[in-house]
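> A predicted structure for the sequence below; I have some questions about it.
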Amino acid sequence: RVRMFVASSAQLRPLLERAAPQPPSSLLLDIGSGTGTVTHALASALGLSDGSRVTALESSAPLRRELGRRWGFRAAASLSE
């Protein structure tokens with residue numbers, strides 16, 4: 001199983017703790033969302049508790065299903081979906 005991280009949890013945590021909540025109209029686009037764990041952390045830090053405000057792009061059909069089922073994200077394989 002291949003795992004890729006842009007930042008470690010230790011690096012990401014302080015950034016998320018300092019993130020200011022955004023207005024409710026804000027949206028989040030995550031490209032290469034995987035299982036959605038980091039996407040969920042980002043959404044929570046930005047005050048986007050409503051998963052419908054999050055679009056998760058993921059090439060894997062099983063992961064897209066999980067993103068929708070587990071987190072309530074709008075999951076797509078491309079921006080044209």
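Sure thing, it's come through. Quick caveat, the model's predicted, so the values are computed rather than measured. Residues are numbered from 1 along each chain as shown.
> residue ranges with poor pLDDT in the chain?
1-7, 19-25 (pLDDT under 70).
> all strands in it, in order from the N-terminus.
Assigned by DSSP state E, the strands in the chain fall at 28-31, 54-57, 74-76.
> can you list contacts of the last one?
If I follow you right, that is strand 74-76. By CB atoms under 8 Å, 6 or more residues apart in numbering, the residues outside strand 74-76 that reach it are 33, 51-52, 54-58, 63-65, 67-68. All C-beta spots, glycine's among them, are computed from the backbone N, C-alpha and C.
> could the residues you listed go into a markdown table alongside neighbour count and distance to residue 45?
Shown next, in a markdown table, are the contacts of strand 74-76 (neighbours: other CB atoms under 10 Å; distance: CB to CB, whole Å):
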| residue | neighbour count | distance to residue 45 |
| --- | --- | --- |
| 33 | 26 | 16 |
| 51 | 21 | 14 |
| 52 | 10 | 17 |
| 54 | 25 | 12 |
| 55 | 20 | 17 |
| 56 | 27 | 16 |
| 57 | 18 | 19 |
| 58 | 23 | 20 |
| 63 | 18 | 22 |
| 64 | 21 | 23 |
| 65 | 12 | 25 |
| 67 | 28 | 18 |
| 68 | 16 | 21 |
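> Just give me the closest of those to residue 79.
residue 57 (7.0 Å; CB to CB).
> Spatially nearest residue to the closest one (excluding sequence neighbours)?
Residue nearest to residue 57 in three dimensions, not counting chain neighbours: residue 31, with 4.7 Å by CB to CB, 6 or more residues apart in numbering.
> Next one: the one you found from residue 10, what distance?
Here residue 31 is placed at a distance of 23 Å from residue 10 (CB to CB, to the nearest Å).
> These two: who's more crowded?
With neighbours defined as other CB atoms under 10 Å, residue 31 and residue 10 compare such that residue 31 has more, 10 against 7.
> which pair in the contacts of strand 74-76 spans the largest distance?
52 and 63 (18.3 Å).
> Touching, residue 28 and residue 44? I think so.
No. Using CB atoms under 8 Å, residue 28 makes no contact with residue 44, being 10.3 Å away.
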